[in-house]
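1. What follows is a predicted protein model with its sequence.
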Amino acid sequence: MCELLGMSANVPTDICFSFSGLLERGGNTGPHKDGWGITFYEGKGCRTFKDPEPSCQSEIAKLVKAYPIKSVSVISHIRQGNRGRVCLENTHPFTRELWGRELTYAHNGQLSNYHDLKPEYYRPVGNTDSELAFCWLLDKIREKYPKRPANMASVFRYAAKLSHTLREKGVFNMLLTDGVYVLAYCTNNLHWITRRAPFGKATLIDADMVVDFQQETTPNDVVTVIATRPLTNDERWQKMEPGEFALFKMGELI
């Protein structure tokens, strides 16, 4: 299976600490060596880095790790391929335009009997079950909402409802964002943590790294990190239940 990483924050924040832990799982402390990717949102635009190489030895990953890009919404993914060959077009996250906004998605799991998912408007570029499911989701959203609704939260709640259908086809852990909202949907393995004042120290599980968030933040900062498995060993992560979803905006659970 793959692993997911997401972030929602109320101020532009870098994800270097969490990303450093995730990278190690991409072929070093974990078997997810079939590529990696990360998408950062900046206003209405997004910046994506992908590489089909293992993240633990990727020169592009080293660049991203050393370059503290600040964002309020981030989605990242390390892949252990099971559907589709190892190549750039099959590397998550995937992004598509909807109502003049770019939506980004990443999936952890494996689907079966998914050939009845037949999106008409959005088409996959690669040949993974993950990208096909994303295109199907967007088709259904576009069908229900021909125009952008005033309340975008309702769109993400509908995406969570659609995810129940995909969960019936196998393991479907998913992250979805438009750069404002971040949706996390769990089938079997997803965790999150919200950090706010008073901030403390945290130690990565997969790398020899400790950070004192009090030195890196202001008292008003709120940052939520979502991960397949907890990334730190001295913080209390919330484990999601099967079929549960969590919707975040500016770091807060809504």
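-> Received, thanks.

2. Please count neighbours and contacts with C-alpha atoms only from this point.
-> Fine.

3. Now I38: which helix or strand?
-> strand 36-42 (DSSP states H and E).

4. Okay, buried residues for the helix or strand of the chain with the lowest mean pLDDT please.
-> Using mean pLDDT, DSSP states H and E, helix 213-216 stands out as the lowest-scoring helix or strand of the chain, at a mean of 89. In terms of neighbour count (16 or more other CA atoms under 10 Å), helix 213-216 has its buried residues at F213.

5. what does stretch 73-88 give?
-> Buried residues in stretch 73-88 (16+ other CA under 10 Å): 73-81, 86, 88.

6. follow-up on the earlier one: can you give the distance of the helix or strand just after the least confident helix or strand of the chain from its chain's centre?
-> Once the chain leaves helix 213-216, the next helix or strand it forms, by DSSP H and E, is strand 222-227. On the basis of CA atoms, centre = their mean, to the nearest Å, strand 222-227 sits 11 Å off its chain's mean C-alpha point.

7. Just checking: what are the partner strands of strand 222-227?
-> Applying DSSP bridges, strand 222-227 is found paired with strand 3-14 (antiparallel), strand 191-196 (antiparallel).

8. Contacts for the shortest one, please.
-> Among residues not part of strand 191-196, those counted as contacts by CA atoms under 8 Å, 6 or more residues apart in numbering are 219-230, 236-240, 251-252.

9. any residues touching stretch 130-145, and which ones?
-> With CA under 8 Å, 6+ apart, stretch 130-145 has contacts from 90, 94, 98, 105-107, 110, 117-125, 155, 158-159, 162, 166.

10. Can you give me the neighbour number for the closest residue in space to P149 that isn't next to it in sequence?
-> Nearest non-adjacent residue to P149, counting by CA to CA, 6 or more residues apart in numbering: V155, 7.9 Å away. The number of residues packed near V155 is 17, by other CA atoms under 10 Å.

11. cool, the one 4 residues further on as well?
-> If you count neighbours by other CA under 10 Å, A159 ends up with 19.
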